[in-house]
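In: Here is my input; please provide its structure:
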Amino acid sequence: MSETKASAGPLVQVEAVEKVFHRGAEEIHVLANLSLQVPRGEFVALMGPSGSGKSTLLNLIGGLDRPTKGLVAVGGDRLDGLSDRALAAWRARHIGFVFQLYNLMPVLTAERNVELPLLLTHLSKAERRKHVATALAVVGLSHRAKHFPRTLSGGEQQRVGIARGIVTDPTLLLCDEPTGDLDRKSGNEILDLLQALNREHGKTIIMVTHDPHASARASRTVYLDKGQLSNAPVK
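Out: The predicted structure is shown next:
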């Protein structure tokens, strides 16, 4: 499960992006003329105060939302020009998501939770099982494949979430506060796993976090405040 090297140029390209939300007649400017480039194979931490737009930026890069203005491209694909249907298909092929609260289906076993993104593909049942087995092995949970979320620890549930995020062998892994609901020991284990995915499997990762301990694991940290990015901590 390793990332294929592509042509030169950044994997993620965000140029002059603005994002405005509307609350009645009020305009809420979340991102303002924001630009970011992420090379293939980099592990980037995105930090900033609550409400600074970190999750909004992650959603734009992952194709879950569209910018009000500006360009968002991943792997050379312009997301802002895709139809909703084409964007959903692109997202299924290229993006893996990891969430703070796991978002596991309680009525499904670990392996069935991991399989969910593959149901959007044309893989056969046997092929899906192989992909699931590989993803669970990567996160060290092969022995828990038949277990339901309620029987797993928080750290194990997040590992299932990461396995689900990588099961399609995505181009880009987007993590929104992946250790925010875990104790320090479990959080460190998740960060070890993300580092291994980056260093050993070549995964490009963008991780939103409030935790300096977590951001220290990334190869680069950028800071977002009032819709603007900088390389220095927000004061």
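In: Please enumerate the strands of the protein.
Out: 12-23, 26-38, 43-47, 69-74, 77-78, 95-98, 172-176, 204-208, 220-225, 228-230 (DSSP state E).
In: Tell me which residues touch residue 148, please.
Out: Neighbour list for residue 148: 106-110 [criterion: C-beta atoms under 8 Å, 6 or more residues apart in numbering]. C-beta coordinates here come from the backbone N, C-alpha and C atoms, glycine included.
In: what about residue 61, how many neighbours?
Out: Residue 61 has 24 neighbouring residues, counting by other C-beta atoms under 10 Å.
In: In this structure it contacts residue 171, no?
Out: No. In this structure, residue 61 is not within contact of residue 171 by C-beta atoms under 8 Å, at 11.1 Å.
In: is the residue nearest to the spatial centre of the chain in a bridge, and if so with what?
Out: The centroid of the chain falls nearest to residue 174 when counting by C-alpha atoms, centre = their mean (1.1 Å). Counting by DSSP bridges, residue 174 forms beta bridges with residue 97, residue 206.
In: show me the contacts for it.
Out: So residue 174 contacts 58, 61-62, 95-98, 205-207 (C-beta under 8 Å, 6+ apart).
In: ok, now how distant is it from residue 82?
Out: Distance, residue 174 to residue 82, using C-beta to C-beta, to the nearest Å: 17 Å.
In: Repeat that for residue 176.
Out: Noted for residue 176: a distance of 22 Å to residue 82, by C-beta to C-beta.
In: what about those two, which has more around it?
Out: A count of neighbours by other C-beta under 10 Å puts residue 176 above the other of residue 176 and residue 82, at 20 against 16.
In: Next one: the residue lying closest to that one once chain neighbours are set aside from residue 130, what distance?
Out: Distances taken as C-beta to C-beta, 6 or more residues apart in numbering place residue 208 nearest to residue 176, at 4.9 Å, with adjacent residues excluded. In this view, residue 208 and residue 130 are 31 Å apart by C-beta to C-beta.
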